[in-house]
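> compute the structure for the input listed below.
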Amino acid sequence: MKVVIVGGVAGGATAAARIRRLDEQAEIVVFERSGYISYANCGLPYYIGDVITDPDELTLQTPGSFYTRFRVDMRVHHEVTAVNPGRKTVSVKNLETGLEFEESYDKLLLSPGARPTQPRLPGVGLDRLFTLRTVEDTFRIKEYIETHLPKSAVLAGGGFIGLELAENLRRLGMEVTIVQRPKQLMNPFDADMASFIHAEMRRHGVKLALGYTVEGFEEKNGGVDVLLKDEPSLHADMVVLAIGVTPDTVLAKQAGLKLGIRDSIIVNDRMETSCPDIYAVGDAVQVKHSVTGENALISLAGPANKQGRIAADNICGGNSRFSGSQGSSVIKVFDMTAAVTGINETNAKKAGINADTVILSPMSHAGYYPGGRVMTMKVVFEKETYRLLGAQIVGYEGVDKRIDVLATAIGAGMKATRLKDLDLAYAPPYSSAKDPVNMAGFIIDNISKGFKQWHLEDADSLPRDGSVTLLDTRTVGEYRSGHIDGFKNIPVDELRERIDEVEPGKPVYLICQSGLRSYIAARILEGYGYKCYNFAGGFRFYDAVKNDRCLIERAAPCGMDK
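Predicted coordinates:
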């Protein structure tokens with residue numbers, strides 16, 4: 001059996017190694033148009049920022065090392081220019097010599113990945129305008145920085161690459177501005193949770209121009225002007241386009257393969273395309289979102305590696321299946337960690353799911369053990385069924401651990417109420433006896449038994465006419481340092497003695513700093529016959545989100561107030 005693989009890196013290289021492990025006699029040829037067959041593309045921004053100093057560390061395997069171990073014919077600087085399903089060949093061009101030839105196959109695996117999205121805007125292609133996707137892109141940016149010593153950069157796009165690159169350019173001492181059309185960074189997160197990411201970026205000097213549309217680029221004064229719709233332009237010494245990626249499916253389209261979202265390659269759960277003996281994996285393929293069941297594009301290394309293994313199994317006569325992807329991911333944002341899995345509240349509602357959320361601010365480990373830090377968790381679930389839909393966490397240590405537990409729970413089809421039952425490891429340096437995941441489960445379990453919440457979007461519409469009681473249960477000092485207009489302050493520990501100050505017969509809407517004291521107050525009041533609603537997230541959450549929204553609405557592109 002002869003297998004030809006188009007593209008290396010996560011999907012293609014994984015498949016090649018797996019095929020060899022399953023079939024020692026198979027002939028395996030991999031064509032890769034770049035000079036690298038297996039590299040750590042997630043580490044590229046950290047090489048630019050000198051966190052990774054040895055460029056060889058970016059290369060996981062070389063053609064030589066891959067051949068030595070797996071006897072796979074890795075041909076770099078070879079571009080496949082056409083797929084010919086009728087003849088079962090691919091047309092190939094050697095980019096070093098210009099030689100063109102055809103290579104036959106019994107099985108073909110397409111792993112072309114995705115390319116940086118290039119908007120059709122004036123000025124795209126300028127020398128000082130870069131994209132970051134490959135090792136070659138990284139070296140090009142690194143060489144420019146070392147040669148020209150730029151002092152400022154504009155990053156068009158606020159996703160994974162944009163944030164990681166912003167951090168690393170700031171590490172080099174550059175002024176950095178992120179500009180993009182959405183009014184938040186990191187769209188996998190809800191806007192309220194993104195507020196904490198925004199605050200961390202601002203704290204480290206990154207300017208955010210959110211809600212602005214880029215209309216083009218011009219060379220000016222030895223740098224680049226980023227032209228914005230209805231706003232003054234931004235000027236920088238260099239610009240990086242990081243507005244996302246587009247499936248690289250020119251070959252598949254020309255070969256007549258069936259295509260889906262944004263011309264991605266449609267595959268079944270065996271990673272088979274619409275053409276016999278042709279498989280496809282990685283960022284170029286359309287997958288099923290395992291939470292919604294809808295078609296999706298999820299450009300992450302984890303799913304690509306799994307798909308490569310599954311395709312290899314089936315090429316070798318097996319029957320492996322890809323169950324879909326739920327988009328679990330984590331990112332370092334300066335000193336902070338942000339992680340997400342499943343779907344957020346925004347996308348749940350767009351999908352027509354009747355979703356609810358709980359928001360909590362637990363410590364990373366036992367409060368009495370030194371070094372604990374607060375994290376903010378948002379868990380999304382379906383009303384009535386309590387199906388676990390997704391989670392977002394922003395904090396410091398322990399964020400990755402909790403998101404992986406929640407990702408596993410979603411993958412296992414657990415109900416959100418079952419989170420309270422998980423038997424998770426505990427020692428004071430690592431967790432609390434009631435782990436943050438358990439705490440989310442306790443809150444959801446309370447809701448399933450009739451406990452009521454109110455949410456951030458309800459704040460402005462709460463009646464201030466006396467028909468309801470608005471109660472802040474923090475200390476007097478906390479209340480004086482900031483509170484929501486219309487809320488009366490009765491500290492929770494004084495509530496029983498001051499119960500006569502809460503008018504009977506009226507619903508009570510409560511808030512405290514994190515949600516715990518107001519929950520206790522709600523239980524006290526319920527014991528006296530009051531109907532209570534507790535704020536999801538607490539004043540800490542409310543204040544962070546409201547401040548962020550004010551900054552976004554007031555901020556001019558230069559980062560200064562209008």
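
> following the worst-scoring helix or strand of the chain on mean pLDDT, which helix or strand shows up next?
None of the helices or strands of the chain scores lower by mean pLDDT, DSSP states H and E than strand 38-39, at a mean of 68. The C-terminal neighbour of strand 38-39 among helices and strands, as given by DSSP states H and E, is helix 44-48.

> average model confidence for that next one?
Across helix 44-48, the average pLDDT comes to 89.

> can you check stretch 62-81 too?
91.

> what does stretch 433-446 give?
The average of the pLDDT scores along stretch 433-446 is 97.

> helix, strand, or coil at the closest residue to residue 282 other than its chain neighbours?
The shortest distance from residue 282 to any residue other than its chain neighbours is 3.5 Å, reached at residue 11 (CB to CB, 6 or more residues apart in numbering). Placement of C-beta: from N, CA and C, glycine included. Secondary structure, DSSP: H, G, I helix; E, B strand; the rest coil: residue 11 is helix.

> and residue 11, how close does it get to residue 20?
According to CB to CB, to the nearest Å, residue 11 stands 15 Å off from residue 20.

> and what of residue 211?
According to CB to CB, residue 211 and residue 20 sit 50 Å apart.

> just want to know which of these two has more residues nearby.
Shown here are residue 211 and residue 20; by other CB atoms under 10 Å, residue 20 has more neighbours (20 against 16).

> didn't residue 502 look like it was pressed against residue 496?
No: shown here, residue 502 and residue 496 do not form a contact pair, counting by CB atoms under 8 Å, at 10.7 Å.

> which one's more surrounded, those two?
Between residue 502 and residue 496, counted using other CB under 10 Å, residue 502 has the larger neighbour count: 18 against 12.

> distance check, that one against residue 148.
From residue 502 to residue 148 the distance is 66 Å (CB to CB).

> ditto for residue 260
Counting by CB to CB, the separation of residue 260 from residue 148 is 42 Å.

> of these two, which one has the most company?
Taking neighbours as other CB under 10 Å, residue 260 and residue 148 compare with residue 260 leading, 17 against 13.

> and the more buried one, what does it touch?
266, 286, 295 (CB atoms under 8 Å, 6 or more residues apart in numbering).

> counting neighbours, which of the residues you listed comes out on top?
Counting by other CB under 10 Å, top hit in the contacts of residue 260: residue 286 with 21 neighbours.

> identify the bridge partners of that one.
The partner list for residue 286 in beta bridges (DSSP bridges) reads residue 266.

> run the chain-centre distance for the helix ranked longest in the chain.
Ranked by residue count, the top helix of the chain under DSSP state H comes out as helix 538-554. For helix 538-554, the separation from the chain centroid amounts to 21 Å (computed by CA atoms, centre = their mean, to the nearest Å).

> so which elements touch that helix?
Applying 3 or more CB pairs under 8 Å, 6 or more residues apart in numbering; DSSP states H and E, one finds that helix 538-554 makes contact with helix 191-203, strand 207-210, strand 508-511.

> can I get the CA coordinates of it in CSV?
Provided in CSV are the C-alpha atoms of helix 538-554 (Å, rounded to 0.1, in the frame of the first residue of the first chain):
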residue,chain,number,x,y,z
GLY,A,538,-21.2,39.2,42.9
PHE,A,539,-20.2,42.9,42.9
ARG,A,540,-16.6,42.0,42.0
PHE,A,541,-17.9,40.6,38.7
TYR,A,542,-20.4,43.3,38.2
ASP,A,543,-17.8,46.1,38.7
ALA,A,544,-15.2,44.5,36.5
VAL,A,545,-17.6,44.1,33.6
LYS,A,546,-19.2,47.5,33.9
ASN,A,547,-15.9,49.2,34.1
ASP,A,548,-14.6,47.4,31.0
ARG,A,549,-17.7,48.3,29.0
CYS,A,550,-17.3,51.9,30.0
LEU,A,551,-13.7,51.9,28.8
ILE,A,552,-14.6,50.3,25.5
GLU,A,553,-17.3,52.8,24.8
ARG,A,554,-15.1,55.8,25.8
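
> quick check: angle from it to helix 191-203?
70 degrees (axes from the mean of the first three to the mean of the last three CA atoms, to 10 degrees).

> ok, the residue nearest to residue 282 to residue 32 distance?
12 Å.

> before we move on, back to that, buried deepest among the helices and strands packed on helix 538-554, which one?
strand 508-511 (a mean of 25; mean count of other CB atoms under 10 Å).

> next secondary structure after it?
Note on strand 508-511: by DSSP H and E, the next helix or strand toward the C-terminus is helix 516-527.

> quick one on the thing from earlier: is it true that the residue nearest to residue 282 touches residue 41?
No: Residue 11 is beyond contact range of residue 41, at 12.0 Å (criterion: CB under 8 Å).

> neighbour count: those two, which is higher?
Neighbours of residue 11 and residue 41, each counted by other CB under 10 Å, are more numerous for residue 11; the result is 33 against 20.

> and the more buried one, how far from residue 205?
Taking CB to CB, one finds residue 11 at 37 Å from residue 205.

> any chance of the helices and strands packed on helix 538-554 in TSV, plus distance to residue 25 and mean pLDDT?
Conversion of these to TSV gives the following (distance: least, CB to CB, whole Å; pLDDT from 0 to 100):
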stretch	distance to residue 25	mean pLDDT
helix 191-203	51	97
strand 207-210	56	96
strand 508-511	69	98
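
> so which of the ones you listed comes closest to residue 67?
Taking CB to CB, helix 191-203 is the member of the helices and strands packed on helix 538-554 nearest to residue 67, at 43.0 Å.

> tell me where this structure is predicted with low confidence.
Regions of the chain meeting the criterion pLDDT under 70 cover residues 39-40, 59-60, 555-562.

> which residue of it sits farthest from its center?
For the chain, the largest distance from the centre (CA atoms, centre = their mean) belongs to residue 500, which lies 48.7 Å off.

> for that residue, what are its contacts?
Going by CB under 8 Å, 6+ apart, residue 500 touches no other residue.

> which SS class is it?
The three-state label given to residue 500 by three-state DSSP is helix.

> any idea how far the closest residue to residue 74 other than its chain neighbours is from residue 70?
Once flanking residues are discounted, residue 74 sits nearest to residue 63: 3.8 Å by CB to CB, 6+ apart. According to CB to CB, residue 63 and residue 70 sit 11 Å apart.

> can you check residue 454 too?
Residue 454 sits 58 Å away from residue 70, going by CB to CB.

> OK, contacts around residue 441?
Residue 441 touches 416, 417, 418, 419, 420, 421, 422, counting by CB under 8 Å, 6+ apart.

> and it, that one's in a helix?
Yes: membership of residue 441 in a helix is supported by three-state DSSP.

> and it, how far from residue 137?
Applying CB to CB to residue 441 and residue 137 gives a distance of 44 Å.

> all the helices of the protein, in order from the start?
Under DSSP H, the chain gives helices at 9-22, 44-48, 63-70, 135-148, 160-171, 191-203, 250-254, 301-315, 345-350, 399-411, 436-448, 476-480, 516-527, 538-554.

> got a markdown table for the ones you listed, with distance to residue 427 too?
As requested, the helices of the chain are exported to a markdown table (distance: least, CB to CB, whole Å):
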| stretch | distance to residue 427 |
| --- | --- |
| helix 9-22 | 35 |
| helix 44-48 | 31 |
| helix 63-70 | 40 |
| helix 135-148 | 40 |
| helix 160-171 | 31 |
| helix 191-203 | 27 |
| helix 250-254 | 51 |
| helix 301-315 | 29 |
| helix 345-350 | 33 |
| helix 399-411 | 13 |
| helix 436-448 | 15 |
| helix 476-480 | 31 |
| helix 516-527 | 23 |
| helix 538-554 | 27 |
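
> and of these, who's closest to residue 230?
Distance to residue 230, taken as CB to CB, is lowest for helix 538-554 among these, at 15.0 Å.

> what's that closest one in contact with?
Identification of contacts with helix 538-554 by CB under 8 Å, 6+ apart yields 183, 191-192, 194-196, 198-199, 202, 208, 210-211, 359, 361, 376, 456, 459, 472, 474, 478, 482-484, 511-516, 518, 535, 561-562.
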